[in-house]
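S.K.: The following block contains a protein sequence and its predicted model.
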Amino acid sequence: MKRPRIALVTNGLEGAGGGIRRWTEFLYRAFEDSDRFEVEVVSIATSSRDSASRRILKPSSWLRPVAVTGGSFHGIEFRHAGANFVEIEFQRYRSRPELTRVLSEYDLIQFVVGFASWGCVASGLTRPIVMLVATTARADRRSRVRASPLPRRAWLTAMGWIAERYERRALAFADQVIVPSEYTLAGVRPLTRPGRIQIGFPGVDTDRMKPRDGVMRHGILTVGRFDDPRKNLALLLRAYRRLPETAPILRVVGETPEHLRALTADLGIKDRVEFVGRVDDQTLYELYASSALLVVSSDEEGLSIVIQEAMAFGLPVVSTDCGGPSTMVAQGVTGRLTPVGDDEALANEIRATLENPVQMQAMGAAARAFAEEHFATQRAALTFASVWEESLAVKQP
């Protein structure tokens, strides 16, 4: 029997990483050897410099069609489709014939995106549409708007208003919507047709990501794309300054803007903070395994792949109560939650955790158990398999 072809359509393959990229890889790996589905990855343009796109600032591209090119990440082959005049954000959400032809080859289209506006690239197609969205368009850009100078803020606000219109349209025609947390569910449900939305955790490889015997755990770890204002690394640095000088070293993993690196000198903690930079997966796993505690200081998270991975390694988590983390971090059980933007409260919870090693060990064990129960790849994949089969049965192309 011919297996249904599933397109994993994502806006998360550009750059060094991020949760969307991880979620796409999870879905591909979960089904790559499946006898039920044939999955392939399709990437859509997100960058104003996308080489497959028509660009306003490159007149030589105006007379050629949008290109469909190839690429790979982590050994996964994918096709990439450009957009028309990609510098204008909403153009990336619009359908284009070149991408429509690609998507028409599949029996079902599974979007793996930050917010639902991207789903409009499939408007007009009769295939079942399933969306995995991390957050809402408004929440996605809130911190970025606040952190921008006035002219940029005005532009982002205008583009945000248009993105919300596309978001409402995409959620209205989606056959099923999957969200990773109660927080995202609350934001997206009012825009979705009744009975078409549910929570489904993107999985992590709990066989590879697990505590390691004999490894000394020391240090506070934080991981993220810190050029994104939502991650609010400055809050963690101010909280860390409040800890005694005997506190474990703070390791910052991920690309970090220079002004945040310079802040450590202003705060007098330069010698106690290690900026690790961007690392490969193996190095990241070693950092998880050898750290005592993960801290997330974000203003907003749809879920947080970093927390999922850290819990798989048996790390307790101290996080701001910024949305998605509350679905995973149970107060005093798998970690601790603190108010968003409160560096004193964050410091107090980090200190309380570090000063109680017995409780910290128990929280780490509980975090690992939660990860095994909810995040293990095959367990998490069951939600998607069920939704795909239901959608294919109800709406045949």
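M.R.: That came in fine, so what should we check first? Numbers count the residues shown, from 1 in each chain.
S.K.: number of nearby residues for the spatially closest residue to Val133 that is not a sequence neighbour?
M.R.: Distances taken as CB to CB, 6 or more residues apart in numbering put Ala116 closest to Val133, at 4.9 Å, once the chain neighbours are dropped. Every residue, glycine included, has its C-beta placed from N, CA and C. A count of neighbours around Ala116, defined by other CB atoms under 10 Å, yields 31.
S.K.: for this structure, what spans make up the strands?
M.R.: With strands called from DSSP state E, the chain shows them at 5-10, 38-44, 68-73, 76-81, 108-113, 129-133, 176-179, 197-199, 220-223, 250-253, 273-277, 293-296, 317-320, 335-338.
S.K.: Could you dump these into JSON lines and include mean neighbour count and distance to Ala265?
M.R.: Below are the strands of the chain laid out as JSON lines (neighbours: other CB atoms under 10 Å; distance: least, CB to CB, whole Å):
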{"stretch": "strand 5-10", "mean neighbour count": "24", "distance to Ala265": "38"}
{"stretch": "strand 38-44", "mean neighbour count": "22", "distance to Ala265": "39"}
{"stretch": "strand 68-73", "mean neighbour count": "13", "distance to Ala265": "36"}
{"stretch": "strand 76-81", "mean neighbour count": "18", "distance to Ala265": "41"}
{"stretch": "strand 108-113", "mean neighbour count": "26", "distance to Ala265": "38"}
{"stretch": "strand 129-133", "mean neighbour count": "26", "distance to Ala265": "39"}
{"stretch": "strand 176-179", "mean neighbour count": "26", "distance to Ala265": "41"}
{"stretch": "strand 197-199", "mean neighbour count": "16", "distance to Ala265": "43"}
{"stretch": "strand 220-223", "mean neighbour count": "25", "distance to Ala265": "18"}
{"stretch": "strand 250-253", "mean neighbour count": "22", "distance to Ala265": "14"}
{"stretch": "strand 273-277", "mean neighbour count": "16", "distance to Ala265": "10"}
{"stretch": "strand 293-296", "mean neighbour count": "26", "distance to Ala265": "20"}
{"stretch": "strand 317-320", "mean neighbour count": "28", "distance to Ala265": "24"}
{"stretch": "strand 335-338", "mean neighbour count": "25", "distance to Ala265": "25"}
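S.K.: Tell me which of these lies nearest to Val394.
M.R.: strand 176-179 (9.5 Å; CB to CB).
S.K.: what helices or strands is that closest one leaning on?
M.R.: Counting contacts by 3 or more CB pairs under 8 Å, 6 or more residues apart in numbering; DSSP states H and E, strand 176-179 is packed against strand 129-133, helix 182-188, strand 197-199, helix 377-394.
S.K.: Recalculate using a threshold of 10 Å.
M.R.: Under the contact definition 3 or more CB pairs under 10 Å, 6 or more residues apart in numbering; DSSP states H and E, strand 176-179 sits against strand 108-113, strand 129-133, helix 182-188, strand 197-199, helix 377-394.
S.K.: For Val318, find the nearest of those.
M.R.: Nearest to Val318 among those is helix 182-188 (17.8 Å), distances taken as CB to CB.
S.K.: Extract the CA atoms of that closest one and return them as CSV.
M.R.: Presented in CSV, the C-alpha positions along helix 182-188 are these (Å, rounded to 0.1, in the frame of the first residue of the first chain):
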residue,chain,number,x,y,z
GLU,A,182,-1.4,25.5,27.7
TYR,A,183,-0.1,29.0,27.2
THR,A,184,-0.2,28.8,23.4
LEU,A,185,-3.5,27.0,23.5
ALA,A,186,-5.1,30.0,25.3
GLY,A,187,-3.7,32.4,22.7
VAL,A,188,-4.6,30.4,19.6
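S.K.: Other residues contacting that helix?
M.R.: 115-116, 131, 133-139, 167, 171, 177-179, 181, 192, 197-199, 300-303, 321-327 (CB atoms under 10 Å, 6 or more residues apart in numbering).
S.K.: picking up where we left off before, and the residue nearest to Val133, what does it touch?
M.R.: With CB under 10 Å, 6+ apart, Ala116 has these contacts: 93, 131-137, 163-164, 166-172, 174, 177, 179, 188, 191-192.
S.K.: quick revisit: can you put the helices and strands packed on strand 176-179 in CSV and add distance to Arg153 and mean pLDDT?
M.R.: Shown next, in CSV, are the helices and strands packed on strand 176-179 (distance: least, CB to CB, whole Å; pLDDT from 0 to 100):
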stretch, distance to Arg153, mean pLDDT
strand 108-113, 24, 98
strand 129-133, 24, 97
helix 182-188, 22, 95
strand 197-199, 31, 96
helix 377-394, 37, 95
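S.K.: export those to TSV and tack on distance to Val223?
M.R.: Formatted as TSV, the helices and strands packed on strand 176-179 follow (distance: least, CB to CB, whole Å):
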stretch	distance to Val223
strand 108-113	20
strand 129-133	21
helix 182-188	20
strand 197-199	24
helix 377-394	20
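S.K.: To Ile249, which of these lies closest?
M.R.: Using CB to CB, the nearest of the helices and strands packed on strand 176-179 to Ile249 is helix 182-188, at 31.2 Å.
S.K.: buried residues in that closest one?
M.R.: Under the neighbour-count criterion of 16 or more other CB atoms under 10 Å, helix 182-188 has 183-185, 187-188 buried.
S.K.: Out of these, the closest to Phe26 would be?
M.R.: Closest to Phe26, out of all of those and judged by CB to CB, is Thr184, at 16.9 Å.
S.K.: so who does Cys120 touch?
M.R.: Taking CB under 10 Å, 6+ apart, one finds 90, 92-95, 163, 165-170, 173 in contact with Cys120.
S.K.: ditto for Phe31
M.R.: 3, 6, 8, 37-39, 377, 381, 384-385, 388.
S.K.: Mind putting those residues into TSV with distance to Arg217?
M.R.: Output for those, formatted as TSV (distance: CB to CB, whole Å):
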residue	distance to Arg217
Arg3	44
Ile6	40
Leu8	35
Phe37	39
Glu38	42
Val39	37
Thr377	25
Ala381	30
Phe384	33
Ala385	36
Trp388	39
